[in-house]
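> I'd like to go over a predicted model; first the sequence, then the structure.
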Amino acid sequence: MDVHSNLLFESISVFVGIPKHTISPSCPLFPSDQPGKTCPPPTDEEAHQPSNPNAIILLVKITFVSLVCGSSYLAGSLWGRHSLELHVAPLSVGSLVRGSGGRDATDAECEQAREQWIELRVQRELEQYKENLLPGEIIRGPNQPDSETKRFPTSVERFATGIARVKKDDLDALFDFGNPMEKGAGTSDEDAIIIYNDRNALPSSNNSLAHAIEYNDGQGIPLTDPQTATENCDGMNVIFTGNPEHTAQCTALIGNYESYHIQRWMRTDGGKIDHHLPLTHVSRGFAPRGKSNFYAPPYDGRNSQVKRHWKMLLTFLQNVDAVLEDLTPILKKVARNNAVVVMTCNHGQSALLMNFACSARRKGFDLGNVLVFPSDKETKELAEGLGLTTYYDEKNMGPLPSGGAKRYGDKYFTAMMYAKVICVLYPLMLNYDVLFQDVDIVYFKDPVSYFQNDPKIQHFDVLFQHDGSNTIRYAPYSANSGFYYVRANKRSQYLFTSLLYHSDLILTWDSHQQALVQLLAEHSSLFGLNVKVFSRDTEMFPGGYHFHNRHEFMKKFLKGKTDTYIFHMSWTENKDIKLLFLRQLGEWYVEDKCIGSTASEILGTGGSLSLGDASLFEPCCAAKPIFSCHYKDKPSKLPCKDSTTIDKTSRSFW
């Protein structure tokens, strides 16, 4: 080899990183100097390979082919085959690579040398990449197609062997998990993901689908129907997840001893999220803004909620047998088809109880299946004066305040939450189904008949109206504790017994609803309690959420064009404002002279009365709804455009 050839080999060797001795000096890397032979450019498929470890092989080959071919072409253009004579030998690319002495190598020999040279470089790149692989990560061979590459590496195959998609709405329609479901169609929650923990769980009715679930076919995660997706699942863990606070959230699935609870980790030291802090374990009720919705009741201190709870619980236990004995004949008389409608009320909220009774009776509903648990004698007389059956549990409810709550969660509100616990528990202990409802409800159709007769919901133990709020404190159900139906069985009986035992949480959190929702989640997981919370989009059980947020629905509702059973005036600060809202909805039936009055004051008599003859119905219940405008930005039966607004940024409803 002459000095010029040697210089060129050294240059190429340094440039491509290949030892000079690995290149045959008698063979061109690419026969660009042979007439009519050129290096073909890469195809479109080769040029657009994705950046994965297997594409490195093809990418490196194409790179070196292009570099050497380009160099050969440039050298040939500059010098030409016979353009320059040095030491008699022509200085061309061919002679530089082959050398001037000896015979020319055959095409086969040159091709072999070229492949060996490229393969050495590829192996070097591949070895460097392997050093950076994570445990269990797979490199597909250069001739291995996508359809033979598993979607999950062997390092996770004990809990992830395949993955499929189904439509969320179809999945819920098939199983009706009971959780309130937001519609998925057309949203970023449209699909649900099913991860298969075992190959035996893969669908067997469609082999190509099963293959695509387990192996990458280049078409993304396969989509199928929920029946096919679950046809071989002997068990299925269902996880509902979202990101209501819109944080940078991750979800970790860890193969380990089975757990039916989710741990919550956040970057916080007890305050707001701080990205500079490490992830730490927090309560599932911890909000990113730095507030924990769930905290343990205090044992020590003058106002210990635990000790207060013990005192109330002791009174209950000392009197429960006597109360059940009293209730047995009452419930036998009141119950219809083994179900009773239960309400509780004090005098401060009695106007709303009266409106329920007046409204229902004026609309023709039979209230013979209603049992009211008044917390004071004044409410007992008012309820009986409207034809309602009552039971006054003086031992447990006598100490409760008679004043009306001024706001959600105040001491009057919280105290009445205890009454809401025991008035449901008593009939359940005597094996009666219970429809519990707050007093701020009006009827349009009989709800008990729906709960007893609809065949699609008979397997549920408890069924709730949706509260409307999807905040973390009510997760995962957002069940409204002011309207729900309970079927008497050992699961539901123990649910409400547990709620009684956890009344210290009600006192601490100022919420009967918050404590009940957490017990629903625990008892569903632990005992298989079947919980159903209706979607907040349903027309059957609207409430304050719809009143304040769903104006188009409310317009249909006010025109009588919805399939509605009840309306619940929830999401409202106090009784006085509820009264105004119900008046302008055209659902108020109580005469002004009866609001806030006792039975004696209404009838003009003195002393305590026994009013089983419904003597308050005519003087207190208006023949037609009493309508008046109050707030133009809230729903009203008739336009209230001349009224003021109650919300600062609101516009007229009409």
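Perfect, I can see it now.
> Check the gap between the residue nearest to residue 337 when sequence neighbours are not counted and residue 382 for me.
Closest residue to residue 337 apart from its sequence neighbours, by Cβ to Cβ, 6 or more residues apart in numbering: residue 452 at 5.9 Å. (Glycine included, C-beta is placed from N, CA and C.) Distance of residue 452 to residue 382, given as Cβ to Cβ, to the nearest Å: 29 Å.
> More neighbours: the two, which one.
More neighbours surround residue 382 than the other of residue 452 and residue 382, with 30 against 18 (other Cβ atoms under 10 Å).
> Assign a three-state SS to that one, would you?
helix (DSSP: H, G, I helix; E, B strand; the rest coil).
> so who does it touch?
Residue 382 is in contact with 347, 350, 353, 354, 598, 599, 616, counting by Cβ atoms under 8 Å, 6 or more residues apart in numbering.
> burial measure for residue 231, as a count.
15.
> part of a strand, is it?
No - using three-state DSSP, the assignment for residue 231 is coil, not a strand.
> Spatially nearest residue to it (excluding sequence neighbours)?
Counting by Cβ to Cβ, 6+ apart, residue 203 is the residue found nearest to residue 231 once chain neighbours are left out, at 5.5 Å.
> Now do the phi/psi pair for that neighbour.
phi -60, psi 140 (degrees, to the nearest 10).
> Do I have it right that it meets residue 225?
No - taking Cβ atoms under 8 Å as the definition, residue 203 is not a contact partner of residue 225, at 10.0 Å.
> Please say which of the two ends up with more neighbours.
Neighbour count, other Cβ under 10 Å: between residue 203 and residue 225, residue 203 has more, with 22 against 14.
> quick one, what contacts the more buried one?
209, 210, 213, 224, 228, 229, 231, 232.
> In TSV: those residues, plus distance to residue 502.
Shown next, in TSV, are the contacts of residue 203 (distance: Cβ to Cβ, whole Å):
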residue	distance to residue 502
209	47
210	47
213	43
224	43
228	42
229	38
231	41
232	40
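> Listing request: residues of the stretch 301-450 of the chain with sub-threshold pLDDT.
Residue ranges of the stretch 301-450 of the chain with pLDDT under 70: 401-414.
> Could I get the full set of helices for it?
305-334, 350-362, 377-385, 394-397, 411-429, 447-453 (DSSP state H, counting those that start in this stretch).
> Looking at those helices, spot the one closest to residue 153.
Proximity to residue 153 (Cβ to Cβ) singles out helix 447-453 among these, at 49.5 Å.
> So which elements touch the closest one?
Under the contact definition 3 or more Cβ pairs under 8 Å, 6 or more residues apart in numbering; DSSP states H and E, helix 447-453 sits against strand 339-345, strand 433-437, strand 479-486.
> Nearest to residue 312, out of those strands?
When those are compared (using Cβ to Cβ), the closest one is strand 339-345, at 15.0 Å.
> hmm, back to that, indicate which one of the helices and strands packed on helix 447-453 is closest to residue 283.
strand 479-486 (19.7 Å).
> what are the pairing partners of that closest one, and which direction each?
strand 433-437 (antiparallel), strand 462-466 (antiparallel) (DSSP bridges).
> Out of those, which is the most enclosed?
strand 462-466 (a mean of 26; mean count of other Cβ atoms under 10 Å).
> which intervals of the chain have sub-threshold pLDDT?
1-105, 129-147, 401-414, 606-612.
> how does it look with 80?
1-117, 119, 121-148, 244-245, 302-303, 399-415, 605-613, 649-650 (pLDDT under 80).
> any idea how far residue 181 is from residue 469?
Residue 181 sits 16 Å away from residue 469, going by Cβ to Cβ.
> ok, now residue 568?
13 Å.
> Compare these two (neighbour count), which wins?
The neighbour comparison of residue 568 against residue 469 (other Cβ under 10 Å) goes to residue 568, with 24 against 16.
> And the spatially closest residue to that one that is not a sequence neighbour, how far from residue 509?
Counting by Cβ to Cβ, 6+ apart, residue 543 is the residue found nearest to residue 568 once chain neighbours are left out, at 3.7 Å. To residue 509, residue 543 is 21 Å away according to Cβ to Cβ.
> what does residue 150 give?
Distance from residue 150 to residue 509, by Cβ to Cβ: 48 Å.
> Which of these two has more residues huddled nearby?
With neighbours defined as other Cβ under 10 Å, residue 150 and residue 509 compare such that residue 509 has more, 22 against 14.
> Now that one, what are its backbone angles?
Residue torsions, per degrees, to the nearest 10, at residue 509 are phi -90, psi -10.
> so what's the spatially closest residue to it that is not a sequence neighbour up against?
In this structure, residue 509 finds its nearest non-sequential neighbour in residue 515, 6.3 Å apart by Cβ to Cβ, 6+ apart. Contact analysis of residue 515 by Cβ under 8 Å, 6+ apart lists 499, 502, 503, 505, 506, 509.
> JSON lines please, covering the residues you listed and showing secondary structure and distance to residue 370.
Putting those into JSON lines (DSSP: H, G, I helix; E, B strand; the rest coil; distance: Cβ to Cβ, whole Å) gives the following:
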{"residue": "499", "secondary structure": "helix", "distance to residue 370": "22"}
{"residue": "502", "secondary structure": "coil", "distance to residue 370": "28"}
{"residue": "503", "secondary structure": "helix", "distance to residue 370": "25"}
{"residue": "505", "secondary structure": "helix", "distance to residue 370": "29"}
{"residue": "506", "secondary structure": "helix", "distance to residue 370": "25"}
{"residue": "509", "secondary structure": "helix", "distance to residue 370": "29"}
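> Make a PyMOL selection of whichever of those turn out to be buried.
With 16 or more other Cβ atoms under 10 Å as the criterion, this PyMOL line picks the buried residues out of the contacts of residue 515:
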select buried, resi 499+502+503+505+506+509
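> Relative to residue 245, which of the contacts of residue 515 is nearest.
residue 509 (19.5 Å).
> Next up, the contacts around residue 434.
Contacts of residue 434 by Cβ under 8 Å, 6+ apart are 339, 340, 341, 342, 424, 427, 428, 485, 486, 488.
> count of residues packed around the second one?
The one in question is residue 340. A count of nearby residues for residue 340, using other Cβ under 10 Å, gives 23.
> Would you quantify the distance from it to residue 431?
In terms of Cβ to Cβ, residue 340 sits 11 Å off from residue 431.
> and what of the first one?
Look at residue 339 and residue 431: by Cβ to Cβ, they are 11 Å apart.
> quick one, which of those two is more surrounded?
residue 339 (22 against 11).
> Now for the residue nearest to that one when sequence neighbours are not counted: which residues touch it?
Once flanking residues are discounted, residue 339 sits nearest to residue 433: 4.0 Å by Cβ to Cβ, 6+ apart. By Cβ under 8 Å, 6+ apart, the contact set of residue 433 is 338, 339, 340, 427, 452, 485, 486, 487, 488.
> go with 7 Å
338, 339, 486, 487, 488 (Cβ atoms under 7 Å, 6 or more residues apart in numbering).
> Pull out the buried members of those residues.
Buried among these (16+ other Cβ under 10 Å): 339, 486, 487, 488.
> How about the contacts made by the first one?
By that I understand residue 339. Here residue 339 is in contact with 432, 433, 435, 448, 452 (criterion: Cβ under 7 Å, 6+ apart).
> Next: the last one.
Each residue near residue 488 by Cβ under 7 Å, 6+ apart is listed here: 428, 431, 432, 433.
> Isn't the third one up against residue 330?
So the one you mean is residue 432. No - in this structure residue 432 lies outside contact range of residue 330 using Cβ atoms under 7 Å: 10.7 Å.
> Show me which residues of stretch 428-447 are buried.
428-430, 432-444, 446-447.
> how long is it from one end to the other?
19 Å (Cα to Cα, to the nearest Å).
> when you give positions from now on, start the count at 384
Understood, numbering begins at 384; the last thing we discussed is stretch 811-830.
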